[in-house]
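1. prediction below, plus the sequence it came from.
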Amino acid sequence: MSRALNSSQVVNIEDLRRIAQARIPKAVFDYLDGGAEAELTLAENCKAFREVTFRPRGAVAVHECNLKTKILGYEISFPAMLAPVGYSRLMHPEGEVAAARAAGEAGTGYILSSISGHRMEDVRAASRGPVFYQLYLMGGRAAAEAALERARTAGFSGLVITVDTPVAGLRERDPRNGMKQLLGSSPFAKIPYLPDFFAHPGWLISFLLDGGMPKLENIVIPGQGPMKLVDVAAALAESTVTWEDLGWIRELWKGPIIVKGLLTGDDARRSIDEGAAAVVVSNHGGRQLDSVSPTLRALPEVVAAVNGQIEVLMDGGVRRGSDIVKALCLGAHAVLIGRAYAYGLAAAGHAGTARALDILRSDVDRTLRLLGCASVLELSRSYVDVPATWARM
Ligand SMILES: Cc1cc2nc3c(=O)[nH]c(=O)nc-3n(C[C@H](O)[C@H](O)[C@H](O)COP(=O)(O)O)c2cc1C
């Protein structure tokens, strides 16, 4: 598989997406690929990058290109980290362990979702780089406290609190594909949806050899053990994170806290007041509230509101290294990538994730050289034009 990945057939992230689509069942692919409701925000996230154009400096020879930056004191080899992606183990048995390993080998950070099939200790051990834990309060406060203690003992680098998920968004592809029935316990309810699985024997065999439906190893409900996947939607609806929760979480977690999933200057300032060390401008990759701003457009307002007090990351729609460069030009310290690496993971596990990171890193390097800019630290608003219709710039 890795020879196929290095071939001329895989030159961009879209190529990995195509391979993933062929390898995994439609129900799993649509879960990964889809967005909420009419998928307006999903599309707009990508479109916003296309609307920003570069202003290169000509006749500049860049001999050494610096892609390194620091996030929360951790040096990363290029300005992109891996976003939390739930159910990664359904995409490939290597799941979160492979993604963390590929991130570490590429010299960057990984964020482990609470909705993960591998034990957090194994994920942490898979990477030499920074690994963060993204906390949902599913399973109640006692389960969250136990997860925080495990994350501390395992040596996680920081905590990510996602604030845009008071309930799961309606991703319309999922009910059509029978996601609920497939994750449920009734074998009869699954029958109409099984042909999709049998049409992907390679994935099916690896899934069965991996023990079938994984449990949520990091959400351990006292007295009950790890939460089952089927409980996720109901559990999310009962576990809204509020600003008040940040108080007790901060008491228990002495390391840095990143607030993920905001789109306004007001929420960014509130995050600073609550002790956040960084924020992620994010709309969950268009999977939660549809019709919100594309994140690239929301980024400048947040950067202005934060005014250098804490670090600002962004995610949503990053599919090319040039997208990463544009986000940095508009003030992001770094980006998170979600689907861009998850397509690689679904296509070929660790090798596919590594290939995705390799593509993005060489994109960033080439884009900087073509821009005539020697370092990601020197990128600024002066290297891009934004449409006149973008307000509040
Ligand atoms: C399949 C999938 C699962 C996700 N699961 C989580 C999650 O468990 N927790 C979370 O905070 N964000 C989750 N996200 C959102 C990502 O962390 C990130 O915000 C988003 O993918 C960025 O958009 P992009 O996919 O266009 O890069 C998920 C995204 C995808 C695509």
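-> Structure received.

2. gap between the residue of the chain most remote from its centre and residue 383?
-> For the chain, the C-alpha farthest from the mean C-alpha position belongs to residue 59; by C-alpha atoms, centre = their mean, that distance is 36.6 Å. Using C-beta to C-beta, to the nearest Å, residue 59 is found at 16 Å from residue 383. All C-beta atoms are positioned from the backbone trio N, CA, C, and that covers glycine.

3. before we move on, what about residue 109?
-> 25 Å.

4. who touches the residue in the stretch 251-393 of the chain positioned nearest to the ligand in this structure?
-> Proximity of the stretch 251-393 of the chain to the ligand (C-beta to the nearest ligand atom) peaks at residue 338, 2.0 Å away. Listed by C-beta atoms under 8 Å, 6 or more residues apart in numbering, the contact partners of residue 338 are 83, 85, 285, 315, 316, 318.

5. try it again with 7 Å
-> By C-beta atoms under 7 Å, 6 or more residues apart in numbering, residue 338 lies in contact with 83, 85, 285, 315.

6. nearest spatial neighbour of the third one, skipping sequence neighbours?
-> Translated: residue 285. residue 338 (5.0 Å; C-beta to C-beta, 6 or more residues apart in numbering).

7. buried sites along stretch 258-269?
-> 258, 259, 260, 261, 262, 263, 265, 267, 268, 269 (16 or more other C-beta atoms under 10 Å).

8. how close does the residue of the stretch 251-393 of the chain closest to the ligand sit to residue 345?
-> Relative to residue 345, and taking C-beta to C-beta, residue 338 is found at 11 Å.

9. anything in contact with each of these two?
-> Common neighbours of residue 338 and residue 345 (C-beta under 7 Å, 6+ apart) do not exist.

10. write out the residues of the stretch 101-250 of the chain neighbouring the ligand.
-> 113, 115, 134, 162 (C-beta under 6 Å from any ligand atom).

11. for the first one, what are its contacts?
-> So the one you mean is residue 113. Applying C-beta under 7 Å, 6+ apart, the residues near residue 113 are 84, 85, 86, 134.

12. so which of these comes closest to residue 355?
-> residue 85 (16.5 Å; C-beta to C-beta).

13. residue boundaries of the strands in the stretch 101-250 of the chain?
-> Secondary structure of the stretch 101-250 of the chain (DSSP state E, counting those that start in this stretch): strands at 110-112, 131-135, 158-162, 216-221, 225-227.

14. where along the stretch 251-393 of the chain do the strands fall?
-> Counting by DSSP E, counting those that start in this stretch, the strands of the stretch 251-393 of the chain are 257-262, 278-281, 311-315, 334-337, 384-385.

15. buried residues, stretch 198-214. List them.
-> 200, 203, 204, 206, 207, 210, 213, 214.

16. for the fourth one, give me its contacts.
-> In this case it means residue 206. Per C-beta under 7 Å, 6+ apart, neighbours of residue 206: residue 93.

17. so where is the stretch 1-150 of the chain shaky, pLDDT-wise?
-> 1-3 (pLDDT under 70).

18. what's the neighbour count on the residue lying closest to residue 204 once chain neighbours are set aside?
-> Of all residues not flanking residue 204 in the chain, residue 197 sits nearest, at 5.2 Å (C-beta to C-beta, 6+ apart). Applying other C-beta atoms under 10 Å, we find 19 residues neighbouring residue 197.

19. helices along the stretch 201-350 of the chain, start to end?
-> In the stretch 201-350 of the chain, helices defined by DSSP state H, counting those that start in this stretch lie at 201-209, 232-237, 243-252, 265-273, 295-306, 321-329, 339-371, listed in chain order.

20. dump those helices into TSV; add distance to residue 155 as well.
-> Below are the helices of the stretch 201-350 of the chain laid out as TSV (distance: least, C-beta to C-beta, whole Å):
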stretch	distance to residue 155
helix 201-209	30
helix 232-237	27
helix 243-252	16
helix 265-273	25
helix 295-306	28
helix 321-329	28
helix 339-371	21
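
21. closest one to residue 29 among those helices?
-> The nearest among the helices of the stretch 201-350 of the chain, by C-beta to C-beta, is helix 339-371 at 7.1 Å.

22. what's in contact with stretch 318-336?
-> 12-13, 46, 49, 52, 69, 71, 76, 79-81, 83, 280, 296, 299-300, 303, 311-315, 317, 337, 340, 360, 363-364, 367-368, 376, 379-381, 383-384.

23. among the residues you listed, name the buried ones.
-> For the contacts of stretch 318-336, buried by 16+ other C-beta under 10 Å: 13, 46, 49, 52, 69, 71, 76, 79-81, 83, 280, 296, 299-300, 303, 311-315, 317, 337, 340, 360, 363-364, 367-368, 376, 379, 383-384.
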